[in-house]
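Student: model this:
(one chain, ligands or ions: 2)
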Amino acid sequence: MIISNSQIELINVTHAYKTAAGPLPVVNELSLQMAPASFTAVVGPSGCGKSTLTRLIAGLLIPDHGEVRLHGERVTSPRSTVGMAFQNPVLLEWRSILDNVLLPLEIVPNDLNRSAREERAGELLAMVGLSGFEDKKPSELSGGMRQRASLCRAIVHRPEVLILDEPFGALDAFTREDLWQIMHALRTKEKITTVLITHDLRESVFLADQIVVLSDRPATAQHIVVSPLGPDRVVDDLYTPEPTKLLAQLRHQIQIAQGREVA
Ligand code: ADP
Ligand code: MG
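Tutor: Ligands and ions are numbered 1, 2, ... in the order given. Purely as a prediction, here's the structure:
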C-alpha cells in the first residue's frame, strides 16, 4: 500500500492511560495504514486496546508518542467528520427513526436543507431495508433493525471515517449475517474508509479488505492479512477453501496474542 495514498495512518503510536496505580501502557509502537474507501477489521484479545485505538483515530485521545494522520494531516483534536457506531445502538427514544438518523446533520455543519436531509436519510433507510419504519420509535423495532438505523445515522453526514466498535456483537447469528451483507452493500455504495473492531473472525474476513491482529496489551500490530474475498462477496463465500484457510490462520494468531501458543 502506498503511504501517501492512505486515508488513515498511524505512525509508531504509543499511548498509556494515567491511572492511580501509575501509567497503564495500552498501545505500543503501533503503525497502520488504511487506504481511502478501504475497510479494516481489527481483532485482538479482550482488553488489549481496541477501543482505545478507535479513540485515537477519532482524535478523542492524543497519543503520548507517534501520530495519527487523516489525509496526511496530523490529528490533534476530536474530528466531527468521524462516524461511529457501537454494540449498543443508543438511539434517542423520544425521536422517530428518521429523526434519529437526521441527528448528525443537525450537528455537523452542512448545506443541505430539510428536504435534502430527509431524502438522504430516506435513501439510507431504504438501503438497509427500513423503508416504512421512518416514523416508528426505536423501541418499536427489533435489535437488528435498531442497529441498521444506527448504521444509517453513523454515515448520514458522509463522514471521512467510519468507526464500528463491535456493532454486531449483541445480535443473534442469523441477524448478524444479514447485517454483514447490509454493511458490505453500504460500504460499497458510500466508499467510506471504515475501521471495524470485532471479536468475530468470520465477520472480519467477510467485511474487511485487511485484517489486523493486535497483540495483547500494550497492543501492537502482530499480524496483518488481506481478505481473499472480492467486491461481490456473499456470506456463503466464507465456507470456500481460501477464507477457511485464512480463518484457521487468524485463530492461530489470536491464540498467540492470548499467550496460549508460541509463534
Ligand atoms: P478493548 O477494547 O480491546 O477490550 P480497551 O481499549 O477498552 O480494550 O482498554 C484497554 C485497557 O485500558 C483495559 O485494560 C482497560 O481497562 C483500560 N482502560 C480503558 N479506558 C481507560 C481509561 N479511560 N482509563 C484507564 N484505563 C482505561
Ligand atoms: Mg472495546
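Student: Do I have it right that Val26 meets Gly44?
Tutor: No - using CB atoms under 8 Å, Val26 is not in contact with Gly44, being 11.4 Å away. All C-beta spots, glycine's among them, are computed from the backbone N, C-alpha and C.
Student: Common neighbours of the two, please.
Tutor: When contacts are counted by CB atoms under 8 Å, 6 or more residues apart in numbering, Val26 and Gly44 are jointly contacted by Ala219.
Student: For these two, indicate the residue with more neighbours.
Tutor: Neighbour totals were compared for Val26 and Gly44, and Gly44 leads with 27 against 22 (other CB atoms under 10 Å).
Student: need the residues of the protein near ligand 1, please.
Tutor: Selection of the chain residues close to ligand 1 by CB under 6 Å from any ligand atom yields 17, 19, 24, 26, 46-52, 217.
Student: What are the phi and psi values at Gly49?
Tutor: phi 120, psi 20 (degrees, to the nearest 10).
Student: Can you tell me, leaving aside adjacent residues, what's nearest to it?
Tutor: Leaving aside its sequence neighbours, Gly49 sits nearest to Ala219 (CB to CB, 6 or more residues apart in numbering; 3.6 Å).
Student: partner residues bridging the one you found?
Tutor: Val27 (DSSP bridges).
Student: ok, it touching Ser31?
Tutor: No - applying CB under 8 Å, one finds Ala219 not in contact with Ser31, separated by 11.8 Å.
Student: of those two, who's got more company?
Tutor: Here Ala219 and Ser31 are set side by side on neighbour count (other CB under 10 Å), and the busier one is Ala219, at 28 against 12.
Student: can you pull the contacts of that one?
Tutor: 26-28, 30, 44, 48-50, 52-53.
Student: among those, which ones are buried?
Tutor: Buried by 16 or more other CB atoms under 10 Å: 26-28, 30, 44, 48-50, 52-53, out of the contacts of Ala219.
Student: Farthest-apart pair in those residues, please.
Tutor: Asn28 and Lys50 (13.7 Å; CB to CB).
Student: quick one: terminal-to-terminal distance for stretch 78-91?
Tutor: End-to-end distance of stretch 78-91: 22 Å, with CA to CA, to the nearest Å as the criterion.
Student: shift numbering so it begins at 35
Tutor: Sure, I'll start counting at 35 from here, so that last one is stretch 112-125.
Student: Quickly check: that stretch near ligand 2 or not.
Tutor: No - using CB under 5 Å from the ion, stretch 112-125 never reaches ligand 2; the gap is at least 8.7 Å.
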